[in-house]
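Asks: pasting the sequence and the predicted model now:
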Amino acid sequence: MADAERERWDRIWREAGSADLAAPTWLAELDAELPRAGRALDVAAGAGRIALYWAP
């Protein structure tokens, strides 16, 4: 990634502020059905809100 492009995205995410870290309603409703062990790959996750919910 070119430096200018990296700086652009750094600025965008910096100005966006912190994300709402609460689990989305649909995920909270499925929580009991989700596995408790294993690995997951969160691709194109944006701010990572769902990945943070699944983190131990």
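Replies: In hand now; what should we look at? Residues are numbered from 1 along each chain as shown.

Asks: roughly how far is stretch 49-56 from the heart of the chain?
Replies: In this view, stretch 49-56 has its centroid 7 Å away from the chain centroid, taken as Cα atoms, centre = their mean, to the nearest Å.

Asks: check stretch 24-37 too.
Replies: How far stretch 24-37 lies from its chain's middle: 15 Å, per Cα atoms, centre = their mean.

Asks: ok, which stretches of this structure are helices?
Replies: Per DSSP state H, the chain carries helices over the ranges 3-16, 25-30, 49-54.

Asks: pLDDT at the spatially most central residue of the chain, what is it?
Replies: When Cα atoms, centre = their mean is applied to the chain, the residue found nearest the centroid is Gly48 (0.9 Å). pLDDT for Gly48: 75.

Asks: what's the most buried one of the helices of the chain?
Replies: Most buried of those by mean neighbour count (mean count of other Cβ atoms under 10 Å) is helix 49-54; its value is a mean of 15. In short, each C-beta sits where N, CA and C put it, glycine included.
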